[in-house]
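Q: Sequence and computational prediction follow.
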Amino acid sequence: MGFTFSSIPKLLKDSAALGSAILAIIATFMQVAGFSIDNIICNQKWWSRLLIILATYAFLVVFFVIILRLAVQNGFTTKIRGISVTIKQGDIFTADGWKVIPFNEYFDTTVDDVIISSTTLNGIFINEYIDDINKLQEAIITANESYTSFKKYEKGNRSAYPLGRIITYGNYMLLAFTHFNEQNVAHITKPEYEKCLLTMWKEIRRTYANKPIYLPLLGSGITSFDDIPEKSNLDLLKCMICTLRASGENINQPITILLTKEVMHELNIYEVKGVI
């Protein structure tokens, strides 16, 4: 692939633009003040003066690369249709607000490293934050169906829920996020992922009761995408934001997408800010 302007990292392009702007301001100020570089260093050849200007420009670019990178190293906040959306590293279980936990379409609760892996968000939630599994199962079975358009239905001999359906439990929003096949694989397609997210934003608006909402990067774990051989965390994050923008749902509380330390390091968070 050949070099193109668009292949230059946004951080470098923005730093170069800021460096050029500052250099232009300095030049204008010196011209107005009747001041030139010869007043600082006398008897220099033209190429020496050029080197001084280039060195100053390089210093400014490096300076802004450092400043801009530091500005987003812990995440950033933006506005999506007036909704405050923050993307940062964090542990969803310590968040103060609704915590969205993905389940499969049956809301299975068996953590045995076959149906649910103990290392997934779903498994950690059940193993470490649920005192009474029977109470959780009862809450799922008896969840009120009156106020949602996404009602449970029979699939085989089991009750399944449309992807995107939310059942609340304590401070948690339990999300029907993936299909679950005979090989015990949680899976979804890209179109279903987008539709699930659109439904999820609608369900969040129905249930959030004016409290802040915290979500993980949905799909970044062991979920298998049937039609994507290699999923991209950046694409998943962009899809979550794009579906929120497209949903048209009005949510009057901040939404925070919490990334793991590994994902935070993998993503160039400054580039992420530029494409959202």
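A: Cool, the structure landed.

Q: pretty sure residue 100 is touching residue 177, no?
A: No - in this structure residue 100 lies outside contact range of residue 177 using CB atoms under 8 Å: 9.1 Å. Placement of C-beta: from N, CA and C, glycine included.

Q: which residues do the two both contact?
A: Common neighbours of residue 100 and residue 177 (criterion: CB atoms under 8 Å, 6 or more residues apart in numbering): residue 218.

Q: Name the nearest residue to residue 84, ignoring sequence neighbours.
A: Spatial nearest neighbour of residue 84, chain neighbours left out: residue 254 (4.3 Å); criterion: CB to CB, 6 or more residues apart in numbering.

Q: residues near that neighbour, how many?
A: 15 (other CB atoms under 10 Å).

Q: Phi, psi for it please.
A: phi -60, psi 150 (degrees, to the nearest 10).

Q: again with residue 215
A: Torsion angles, degrees, to the nearest 10, at residue 215: phi -130, psi 150.

Q: returning to that earlier point: in contact with the residue nearest to residue 84, which residues?
A: With CB under 8 Å, 6+ apart, residue 254 has these contacts: 83, 84, 85, 86, 212, 213.

Q: got it, and residue 267?
A: 233, 234, 237, 259.

Q: Tell me, how many residues neighbour the first one?
A: I take that to be residue 233. Residue 233: 18 surrounding residues under other CB under 10 Å.

Q: Distance from stretch 69-86 to the middle of the chain?
A: 10 Å (CA atoms, centre = their mean, to the nearest Å).

Q: list the buried ones in that stretch?
A: 72, 75, 76, 83, 85, 86 (16 or more other CB atoms under 10 Å).

Q: Next: stretch 95-105.
A: Counting neighbours by 16+ other CB under 10 Å, one finds that the buried residues in stretch 95-105 are 95, 97, 98, 99, 100, 101, 102, 103, 104, 105.

Q: Doesn't residue 60 lie inside a helix?
A: Yes - assessed by DSSP: H, G, I helix; E, B strand; the rest coil, residue 60 belongs to a helix.

Q: Just checking: what are the partner strands of the strand ranked longest in the chain?
A: Longest strand in the chain, counting residues (DSSP state E): strand 172-180. According to DSSP bridges, strand 172-180 forms sheet pairs with strand 98-104 (parallel), strand 166-169 (antiparallel), strand 186-188 (antiparallel).

Q: Turn those strands into CSV, including mean pLDDT.
A: Output for those, formatted as CSV (pLDDT from 0 to 100):
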stretch, mean pLDDT
strand 98-104, 97
strand 166-169, 97
strand 186-188, 94
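
Q: which one of those lies closest to residue 33?
A: strand 98-104 (58.0 Å; CB to CB).

Q: how many neighbours does residue 221 have?
A: Quick note: residue 221 (other CB under 10 Å) scores 16 neighbours.

Q: And it, how far from residue 119?
A: 9 Å (CB to CB, to the nearest Å).

Q: circling back to that earlier point, so which of the buried residues of stretch 95-105 is the closest to residue 228?
A: Once CB to CB is applied, the member of the buried residues of stretch 95-105 that ends up nearest residue 228 is residue 102, at 17.2 Å.
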